[in-house]
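here's a sequence, model it:
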Amino acid sequence: MTNINVLDPGASPLDYYGYELRRLRETAGLTQRQLGEIVNYTASLVGQVETARKLPTAEFSERVDAALGTGGTLSRLVALVMRSQLPAWFQQVAELETRAVRIHTFHTHLVHGLLQTRAYASAVLGALDETDLEDRTAVRLARQRIFEKSEPPVFWAVVGEAVLHHQIGDGTTMREQLAHLLTFARNPSINVQVLPFSAGAHAGLQGSFDLFHFANDPDILYTEGYGTGHPTANPDTVKDCLLRYDHLQAAALSVKDSAELIRRVMEDRYGEQLA
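Next up, the predicted model:
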């Protein structure tokens, strides 16, 4: 157990957050209980965050910022904290997501993490290991805050039709996930295309991949294995996958037709109409 008296703010972003939270609270002359009452959290939770035993959430940070008049200090820190809790091999990818101006993804078996609902993400992450599942799910969902930036990246996702049928979690989880994908039809910055079974052999048969595009840096290709990630800026490899992505988008249904297919699978397979 970490002792707040010896908490080293330089040890990790989580330790720094806890150190700053305690400093700001004490500067305001509040006890943990008093702050908890103001922001509608328990004193115990405030104490756990201050001692780096509990991950702070975005909502917790926003409430404390408002209560202590910090000017958004903790809300800015929480993104760094969450990123630091990702597996070491994935932290570089999360950094790419925050810097990219455009992201193109192709996935054959899962909804991309940036588009997952809480229940779907929890079911994926808990498939073999439920240790700290709530925190790990929160860390994954925190990546989605890139879409809340003043200039969010343009995101294109091509997903295999199998993604719609492969039940992750229970039927309610899948209904919510597919309904969530349908909400992006009103967001021109987030586009989802389905590669139908009828496409047959296609340019993505070698597996899933992500392409990151930047304002002033070379494009980066990212592929993933079991517990490993493989980013590369090799021009020939990136060029090959850019061409593959063009062919995948051409073979996929349009954004409008994809939404109709997602809706149909949701209603027929998971039994609930979407108003």
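
need the three-state assignment for A157.
When states are read from DSSP: H, G, I helix; E, B strand; the rest coil, the local structure at A157 comes out as strand.

run a quick neighbour tally on it.
Applying other CB atoms under 10 Å, we find 24 residues neighbouring A157. Every C-beta, even on glycine, is put in place using the N, C-alpha and C of the backbone.

gap between it and V124?
Here the distance between A157 and V124 works out to 16 Å (CB to CB, to the nearest Å).

just L205 next, same as before
23 Å.

report the contact partners of R269.
Residues near R269 by CB atoms under 8 Å, 6 or more residues apart in numbering: L164, H165, M174.

nearest to D210, of those residues?
L164 (19.7 Å; CB to CB).

wait, the closest one touches R264, no?
No: at 9.2 Å, L164 does not count as touching R264 under the criterion of CB atoms under 8 Å.

more crowded one of those two?
Looking at L164 and R264 with other CB under 10 Å, you find the greater number of neighbours at L164, namely 23 against 12.

any idea how far stretch 86-101 is from the middle of the chain?
10 Å (CA atoms, centre = their mean, to the nearest Å).

report the buried residues of it.
Judged by neighbour count using 16 or more other CB atoms under 10 Å, the buried positions of stretch 86-101 are L86, F90, V93, A94, L96, E97, A100.

cross those against strands and list the overlap.
Using DSSP state E, no member of the buried residues of stretch 86-101 sits in strands.

okay if I get these as CSV plus pLDDT and distance to A199?
Formatted as CSV, the entries for those read as follows, by pLDDT from 0 to 100; distance: CB to CB, whole Å:
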residue, pLDDT, distance to A199
L86, 71, 33
F90, 73, 30
V93, 84, 27
A94, 84, 31
L96, 90, 28
E97, 92, 27
A100, 94, 27
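
please enumerate the helices of this structure.
With helices called from DSSP state H, the chain shows them at 13-27, 32-39, 43-50, 58-68, 73-84, 88-99, 118-125, 133-142, 162-165, 171-183, 235-251, 255-270.

name the helices or strands packed onto the fourth one?
Think helix 58-68. In terms of contacts (3 or more CB pairs under 8 Å, 6 or more residues apart in numbering; DSSP states H and E), helix 58-68 is packed against helix 13-27, helix 32-39, helix 73-84.

quick check: pLDDT value at the most centrally placed residue in the chain.
The C-alpha lying nearest the average C-alpha coordinate of the chain belongs to R143 (CA atoms, centre = their mean; 3.5 Å). pLDDT, R143: 91.

tell me how far P153 lies from E20.
Using CB to CB, one gets 29 Å for the distance from P153 to E20.

higher neighbour count, the two?
Neighbour totals were compared for P153 and E20, and P153 leads with 21 against 16 (other CB under 10 Å).

what pLDDT does T2 get?
Per-residue confidence at T2 stands at 45 (pLDDT).

if I look at Q116, how far off is R145?
As it turns out, when the distance is counted by CB to CB, Q116 lies 14 Å from R145.

who's more crowded, L205 and V124?
For L205 and V124, the more surrounded residue by other CB under 10 Å is V124, and the numbers stand at 16 against 8.

without its sequence neighbours, what residue ends up closest to that one?
Setting aside the residues directly before and after it, V124 is nearest to I168 in space (CB to CB, 6 or more residues apart in numbering), at 6.0 Å.

the one you found contacts L110, doesn't it?
Yes: taking CB under 8 Å as the definition, I168 is a contact partner of L110 at 7.3 Å.

just for the stretch 151-275 of the chain, where's the confidence low?
Applying pLDDT under 70 to the stretch 151-275 of the chain picks out residues 227, 272-275.

repeat the analysis, applying 50 as the threshold.
Residues of the stretch 151-275 of the chain that meet the criterion pLDDT under 50 lie in 273-275.

per-residue confidence at I38?
Among the per-residue scores, I38 shows a pLDDT of 92.
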